[in-house]
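**Q** Provided below are the primary sequence and the corresponding predicted coordinates.
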Amino acid sequence: MLRRLFPLAVLISLSIGISAAFAQQTERKNIEPGSTRIQGRTVETDKPPPSTPFDPLIDLREEMRKLILSISQFARKHRPNFKIIARGGANLLVKRDDVDETRLSPARTYRRSIDGILEEGMFFDNRNPAKPPVPARQKHQIRLAEAARESGLVVLAVDYADLNTLAKKVHVMASSRGFLSFAADRQIDEIFTLPTYPLRPFGENTTSINSLKQLKNFVIIGNSQPFGRQDEFSLRVHGTNFDMVVVDVFHGRSPLSRQAVETLKYKQLGAKRLVLALMDVGTAASYHFYWKDGWREGSPLWIGPPVRNDPDHYQVEFWRPGWQNLITGDTNSYVYGLIAQGFDGVVIGGLDAYKFFEGGDEEEEQGEAQ
């Protein structure tokens, strides 16, 4: 069955890299100096080889836009109606003038390469659940999100609240601006249950969904493992009436089967819905199918240091061909695997990876909106 889901070369790598995925996601260990994390094991290493010098003249934001554009073009070549949603990275929607950085203009080519954006914590902060974000950041996020909506993009708002009753408030605040809302009590990648409030989705309907413009609601499951087997997970979600389901590509150590994805595509009422996959282009995970024995910081050269507080993920020089070839461009790529699995589209995360290499901070980003 797996040969039908992913190209052969991907499956060979998958058997090596995915076996420790769930264990590594649930148990983080500190890495001692002079050590690194490879395939879930802490091993002693020599000093990593020097990375290719970073060219300060590279426009990293534009390079990220180009990567998303290449994903969009490749995916739609194989499936014309494949949906592309950008998770975060709202600042990519505008370009800064080379001479006067306070002057902004729409990044029109980039906007046309995506169908929507997903913004987190616009109304209730992901770092401080049930409380609004810093006013300047909130103003900046909402301004960009409204501009995105006005340009024809669908805006998904994910907010964080400890109390289920706040889901209603999130819904009202988002819908008043033309956004779709989803309230979560934890980070997207850690969501492992269906919402308990409301018992039925806001805007529940019997319509078959073919485009993002038809959406009335959506749900995200970042970790399907606690649901049990793949068939148990897909049947459980099938028993709901959400218009769109966003899930992780992998169920524990294995990719979701095409049959599981197909089951997810139907509401309990019988109408069809959209099923999108989560994907990260800003970091490399040591437990994903593409990771090879011996890979570490600096080897290959485009692998950067581990992500702070998450040693199983590594920063990547996302503009390098080596990384991009893993993500998109041929039938051995990650994106092609998603298409083969039957997903209707993808939610692309890690778009703000450019900040790590720019050395900027959040206050700088907020200042762009002033």
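**A** Yep, it's here. Residues are numbered from 1 along each chain as shown.

**Q** if I read this right, residue 296 contacts residue 303, doesn't it?
**A** Yes - between residue 296 and residue 303 a contact is recorded at 6.9 Å, counting by C-beta atoms under 8 Å. (Each C-beta comes from the backbone N, C-alpha and C, glycine too.)

**Q** which of these two has more residues huddled nearby?
**A** Counted by other C-beta atoms under 10 Å, residue 296 and residue 303 do not tie: residue 303 has more neighbours, with 24 against 19.

**Q** quick one: the more buried one from residue 58, how far?
**A** Residue 303 is 18 Å from residue 58, where distance means C-beta to C-beta, to the nearest Å.

**Q** ok, now residue 155?
**A** In this view, residue 155 and residue 58 are 29 Å apart by C-beta to C-beta.

**Q** so those two - more neighbours on which side?
**A** Between residue 155 and residue 58, counted using other C-beta under 10 Å, the more crowded position is residue 155 (26 against 13).

**Q** just checking, the more buried one touches residue 180?
**A** Yes - using C-beta under 8 Å, residue 155 is in contact with residue 180, at 6.9 Å.

**Q** what is the host helix or strand of residue 306 packed up against?
**A** Counting by DSSP states H and E, the element that carries residue 306 is strand 303-307. Applying 3 or more C-beta pairs under 8 Å, 6 or more residues apart in numbering; DSSP states H and E, we find strand 303-307 packed against strand 310-316.

**Q** give the buried residues for the following helix or strand past the strand it packs on.
**A** Per DSSP H and E, the first helix or strand lying C-terminal to strand 310-316 is helix 321-327. Buried positions in helix 321-327, judged by neighbour count with 16 or more other C-beta atoms under 10 Å: 323-324, 326-327.

**Q** can you check stretch 228-241 too?
**A** Buried positions in stretch 228-241, judged by neighbour count with 16+ other C-beta under 10 Å: 230, 233-234, 236-238, 240-241.

**Q** off-centre distance for stretch 234-248?
**A** 18 Å (C-alpha atoms, centre = their mean, to the nearest Å).

**Q** residue 146: neighbour count?
**A** Residues contacting residue 146 under the criterion other C-beta under 10 Å number 14.

**Q** any idea how many residues pack against residue 89?
**A** Neighbour count for residue 89, taken as other C-beta under 10 Å: 26.

**Q** going by neighbour count, list what's buried in the helix or strand containing residue 69.
**A** Secondary structure assignment for residue 69, by DSSP H and E: helix 60-78. Of all the residues in helix 60-78, those buried under the rule 16+ other C-beta under 10 Å are 60-61, 63-72, 74-75.

**Q** got phi/psi on residue 150?
**A** Dihedral pair for residue 150: phi -70, psi -30, per degrees, to the nearest 10.

**Q** how close does it get to residue 177?
**A** To residue 177, residue 150 is 11 Å away according to C-beta to C-beta.

**Q** equivalent analysis for residue 205, please.
**A** Distance of residue 205 to residue 177, given as C-beta to C-beta: 21 Å.

**Q** any weak-confidence spans in the chain?
**A** 1-56, 99, 101, 129, 163, 360-370 (pLDDT under 70).

**Q** what does stretch 87-101 contact?
**A** Residues outside stretch 87-101 that contact it (C-beta atoms under 8 Å, 6 or more residues apart in numbering) are 61-62, 64-65, 68, 86, 103-107, 110-111, 117-120, 141, 144-145, 147-148, 188, 278, 347-352, 365, 368.

**Q** correct me if wrong: residue 72 contacts residue 84.
**A** Yes - contact criterion C-beta under 8 Å: residue 72 and residue 84 qualify, at 5.0 Å.

**Q** mutual contacts of those two, please.
**A** Residues touching both residue 72 and residue 84 (C-beta under 8 Å, 6+ apart): 113-114.

**Q** can you give me the helices in the protein?
**A** 2-5, 8-17, 21-26, 60-78, 108-113, 135-150, 166-175, 230-238, 258-264, 321-327, 334-341, 354-358, 362-367 (DSSP state H).

**Q** need these in JSON lines (columns: distance to residue 288).
**A** Output for the helices of the chain, formatted as JSON lines (distance: least, C-beta to C-beta, whole Å):
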{"stretch": "helix 2-5", "distance to residue 288": "15"}
{"stretch": "helix 8-17", "distance to residue 288": "6"}
{"stretch": "helix 21-26", "distance to residue 288": "7"}
{"stretch": "helix 60-78", "distance to residue 288": "17"}
{"stretch": "helix 108-113", "distance to residue 288": "24"}
{"stretch": "helix 135-150", "distance to residue 288": "29"}
{"stretch": "helix 166-175", "distance to residue 288": "32"}
{"stretch": "helix 230-238", "distance to residue 288": "18"}
{"stretch": "helix 258-264", "distance to residue 288": "18"}
{"stretch": "helix 321-327", "distance to residue 288": "9"}
{"stretch": "helix 334-341", "distance to residue 288": "9"}
{"stretch": "helix 354-358", "distance to residue 288": "19"}
{"stretch": "helix 362-367", "distance to residue 288": "28"}
